[in-house]
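1. Sequence isn't available, so here's the structure alone:
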């Protein structure tokens, strides 16, 4: 079940056919989910663009987290690899596995890999994610995007409900903007949906995790087929943070709120010499794309919460899912 299955529409504009980041043509998403025994609740998610390099940009809202490869993105304006998302202690193995995937022994890459911390439900220090799990995520890459307790989002907690992976999209002036999040942040009392303080209205009718911890961090990735240059991708990535804020995120001191955006419009950017013809959306027409990113981010977070299922993990910790019926009731009461 997703937000629209409950009759909830967020913001303006229409979603693409899948209401997912994969509505941007050629973008695929794959998950590898690890649920083993009583204490392994983790995984890997990969976002696979149609080709690389592509123009890209990034934004840091709060930096208590990791998204590798950003110095080269800032320097060159280019995404040169697929994007990985996992848990905090598995960034290295996922990064190395993506770097090793090329069949060209002289290939160079600085993979983009992000993380959020799943140590409440997962024995994160055991570092169970392997290169084989990364390959499994690539093998599973599809335009049909799983949400909730899947891939890198398997063990995540959001607004003291079960969190994880969520996605949504918007169509804008003949183009598509899609967003995917790995949501692992926020307090219950700050949770908002479409401006309504549903976290306060639901309260403890959905039990909060015990013992409580200070969750923080969200990775957000936006993709679009609109012809954006790198500085415009930076600006698109920045607006993901406004979507997080609308749901109740505060970019707390302990939070890693890191955002990325790429455009699939300009291709052939790795030409060794000569001029490359480029297309660029006028800045006079870019504001509707900002609104689309904000709305799609909010809906992606809500989709992550509604798709997730109650999970028990490390040390018997349990995190309960957001009850869609209670969410509907809270919105009606408002």
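-> Structure received. Keep in mind that this is a model prediction, so the values were computed, not measured.
2. count of neighbours near residue 240?
-> As a burial measure, residue 240 scores 28 neighbours (other C-beta atoms under 10 Å). All C-beta spots, glycine's among them, are computed from the backbone N, C-alpha and C.
3. can you tell me the distance between the two ends of stretch 104-113?
-> 21 Å (C-alpha to C-alpha, to the nearest Å).
4. again but with stretch 25-40, I slipped
-> 34 Å.
5. Then stretch 312-319?
-> 6 Å.
6. Mind listing what's buried along that stretch?
-> 313, 314, 317, 319 (16 or more other C-beta atoms under 10 Å).
7. Stretch 326-334 too?
-> Those would be 327, 330, 331, for stretch 326-334 by 16+ other C-beta under 10 Å.
8. Show me what the helix or strand hosting residue 32 is packed against.
-> For residue 32, the enclosing helix or strand under DSSP states H and E is strand 28-36. Counting contacts by 3 or more C-beta pairs under 8 Å, 6 or more residues apart in numbering; DSSP states H and E, strand 28-36 is packed against strand 40-48, helix 131-139.
9. what do you get if the cut-off is 10 Å, keeping everything else the same?
-> strand 40-48, strand 83-87, helix 131-139, strand 164-172 (3 or more C-beta pairs under 10 Å, 6 or more residues apart in numbering; DSSP states H and E).
10. now the ones you listed in JSON lines, with mean pLDDT and mean neighbour count?
-> Below are the helices and strands packed on strand 28-36 laid out as JSON lines (pLDDT from 0 to 100; neighbours: other C-beta atoms under 10 Å):
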{"stretch": "strand 40-48", "mean pLDDT": "98", "mean neighbour count": "28"}
{"stretch": "strand 83-87", "mean pLDDT": "98", "mean neighbour count": "29"}
{"stretch": "helix 131-139", "mean pLDDT": "98", "mean neighbour count": "19"}
{"stretch": "strand 164-172", "mean pLDDT": "98", "mean neighbour count": "29"}
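11. With distance to residue 68 as extra columns, can I get these in JSON lines?
-> Converted to JSON lines, the helices and strands packed on strand 28-36 look like this (distance: least, C-beta to C-beta, whole Å):
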{"stretch": "strand 40-48", "distance to residue 68": "14"}
{"stretch": "strand 83-87", "distance to residue 68": "9"}
{"stretch": "helix 131-139", "distance to residue 68": "14"}
{"stretch": "strand 164-172", "distance to residue 68": "19"}
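12. on that earlier part again, between all of the buried residues of stretch 312-319, which two are at the greatest distance?
-> Spatially, the most separated pair among these is 314 and 319, at 11.0 Å (C-beta to C-beta).
13. Can you check what pLDDT the model gives residue 107?
-> Note on residue 107: pLDDT of 76.
14. So it belongs to a helix, correct?
-> No. In this structure, residue 107 is coil, not part of a helix, as judged by DSSP: H, G, I helix; E, B strand; the rest coil.
15. which residues touch it?
-> With contact taken as C-beta atoms under 10 Å, 6 or more residues apart in numbering, residue 107 is in contact with 80, 81, 99, 100, 101.
16. doesn't residue 55 make contact with the first one?
-> No. Taking C-beta atoms under 10 Å as the contact criterion, residue 80 and residue 55 are not neighbours in contact, 11.2 Å apart.
17. Which neighbours do the two have in common?
-> Shared contacts of residue 80 and residue 55, defined by C-beta under 10 Å, 6+ apart, comprise 73, 269.
18. Which one of these two is surrounded by more residues?
-> For residue 80 and residue 55, the more surrounded residue by other C-beta under 10 Å is residue 55, and the numbers stand at 26 against 20.
19. got the phi/psi numbers for the more buried one?
-> Per-residue torsions, residue 55: phi -70, psi 140 (degrees, to the nearest 10).
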